[in-house]
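J.: What shape does this take:
(one chain, ligands or ions: 1)
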Amino acid sequence: MSKGANGGGNEGLLRQLHLRRVPEGIAGPQDFEVRTGPIPRTGEGEVLVEAHYLSVDAALRLIVRDSEEFLFRVRPGDLVRGSVAGKVIESNHASYQAGEYVLGGLGLQSHALSNGEGLEKCDLSQAPLGAWLGGFGVSGLTAYFAITEECKPQPGQTVLVNGAAGAVGSIAGQIARLAGARVIGLTSSAEKCRWLTETLGYHAAINYTEGDLYERLAEAAPDRIDVIFDNVGGSVLDESLRLIAMRGVVLLCGSTSQYAAEAMTGPNNYIWLGTMRARMQGFVIFDYADRYAEARSRMARWIQSGDLKLVEHVIDGDVGDFPLAFEKLYRGANRGKMLLRLPAASN
Ligand SMILES: NC(=O)c1ccc[n+]([C@@H]2O[C@H](COP(=O)([O-])OP(=O)(O)OC[C@H]3O[C@@H](n4cnc5c(N)ncnc54)[C@H](OP(=O)(O)O)[C@@H]3O)[C@@H](O)[C@H]2O)c1
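T.: As a prediction, this is how the structure comes out:
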């Protein structure tokens with residue numbers, strides 16, 4: 001397999017993103033390389049998927065660390081792991097036909113062979129293909145089950161979502177609002193704050209990069225915070241812990257601020273959990289894998305009634321453009337789920 005700068009202009013070739021080295025700081029183009037080669041053919045019991053969308057996931061930064069501690073690891077030289085939505089273009093598998101749309105953890109590449117394990121069919125009459133990697137995929141399902149089954153906010157309670165304008169956060173806040181809660185979002189700019197309140201129906205939004213976060217939170221949540229939906233961890237989480245309500249819930253969905261940190265740091269203000277009889281709880285969406293269809297049908301009804309908006313932030317490019325998109329995600333450029341749409345999507 002040969003190596004190229006960004007894999008562009010290689011129509012008809014397999015293009016794969018490999019990790020070149022363990023990144024320092026936010027990962028970027030210097031840490032990855034594109035390798036090209038012939039598009040593979042299916043063997044017995046296999047399908048060939050042409051990728052149309054690559055999911056740009058914050059958690060990728062965690063699995064490219066020089067560490068064996070986490071669930072997955074991508075080492076220098078490896079194909080980069082990642083979720084893909086695309087079209088079956090060749091099938092030697094009894095359950096799939098050419099022309100069907102699927103999603104799966106197929107790796108960041110233009111074409112992938114699969115034996116069907118972990119592959120999911122995407123019904124485009126329910127949602128467009130991109131949404132199956134976003135609101136109808138892991139991001140939306142995470143928001144749905146974390147709010148409805150774990151946080152269970154009650155009408156009138158206050159819910160704080162950090163990473164509120166991101167893929168998971170943008171949906172978590174809306175679902176908490178549908179449960180009758182008063183929802184406050186944290187994000188990194190005035191413009192994104194406006195989007196949260198004016199478009200997504202957040203009741204209040206705070207730019208965490210300005211002023212004294214604790215004071216601004218205390219002003220926005222005079223009755224304290226019943227649910228902290230934590231996507232980012234770090235100081236943003238820490239300041240909010242001081243305002244947890246009696247028997248409140250801190251749902252640890254993700255820790256984006258820590259994934260690229262050389263030394264990860266935990267919260268200092270945990271003492272408030274004791275005083276307020278609150279609980280801090282982990283969450284992994286895979287625990288709900290047998291209930292995805294149920295979540296999607298309820299979310300589809302909310303979308304139809306206009307109560308829920310799924311938002312994708314789509315960047316057009318080729319496999320080699322993924323690292324730049326990933327860097328942008330970490331700089332907060334996205335509203336909703338960031339996706340890289342490959343040229344094959346428009347064929
Ligand atoms: N538990 C599960 O099963 C599960 C499933 C899916 C995802 N997750 C986790 O959920 C979290 C959110 O994922 P996502 O896909 O929705 O990503 P995302 O929020 O769409 O994208 C990352 C966002 O994080 C914020 N950010 C980046 N660096 C930050 C920093 N240093 N401090 C604070 N905020 C920072 C930026 O938003 P601002 O502009 O607002 O700063 C950026 O837009 C991730 O940690 C992910 O690993 C967990």
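J.: For I206, pull up the helix or strand it's in.
T.: Per DSSP states H and E, I206 falls inside strand 204-207.
J.: Who are the packing partners of that strand?
T.: Under the contact definition 3 or more C-beta pairs under 8 Å, 6 or more residues apart in numbering; DSSP states H and E, strand 204-207 sits against strand 182-187, helix 190-198, helix 213-220. (C-beta placed from N, C-alpha, C; glycine too.)
J.: Out of the ones you listed, flag the one nearest the ligand.
T.: Counting by C-beta to the nearest ligand atom, the ligand lies closest to strand 182-187 out of these; the figure is 3.5 Å.
J.: quick revisit: most packed of the helices and strands packed on strand 204-207?
T.: Mean neighbours per residue, mean count of other C-beta atoms under 10 Å, is largest over these for strand 182-187, with a mean of 28.
J.: Any idea what the residue in the stretch 51-200 of the chain that the ligand sits nearest to is bridged to?
T.: The stretch 51-200 of the chain approaches the ligand most closely through G166 (1.9 Å), counting by C-beta to the nearest ligand atom. Beta-bridge partners recorded for G166 (DSSP bridges): G336.
J.: Chain neighbours aside, what residue packs nearest to the residue lying farthest from the centre of the chain?
T.: Farthest-out residue of the chain from its mean C-alpha position, per C-alpha atoms, centre = their mean: E44, at 33.5 Å. In space, not counting the residues next to it along the chain, E44 is nearest to N92; the distance is 5.8 Å by C-beta to C-beta, 6 or more residues apart in numbering.
J.: Leaving out sequence neighbours, find the closest residue to Y96.
T.: What sits nearest to Y96 in space, not counting adjacent residues and going by C-beta to C-beta, 6+ apart, is V47, at 4.7 Å.
J.: ok, the one you found to E100 distance?
T.: Computed as C-beta to C-beta, to the nearest Å, the V47 to E100 distance reads 9 Å.
J.: ok, now A164?
T.: From A164 to E100 the distance is 35 Å (C-beta to C-beta).
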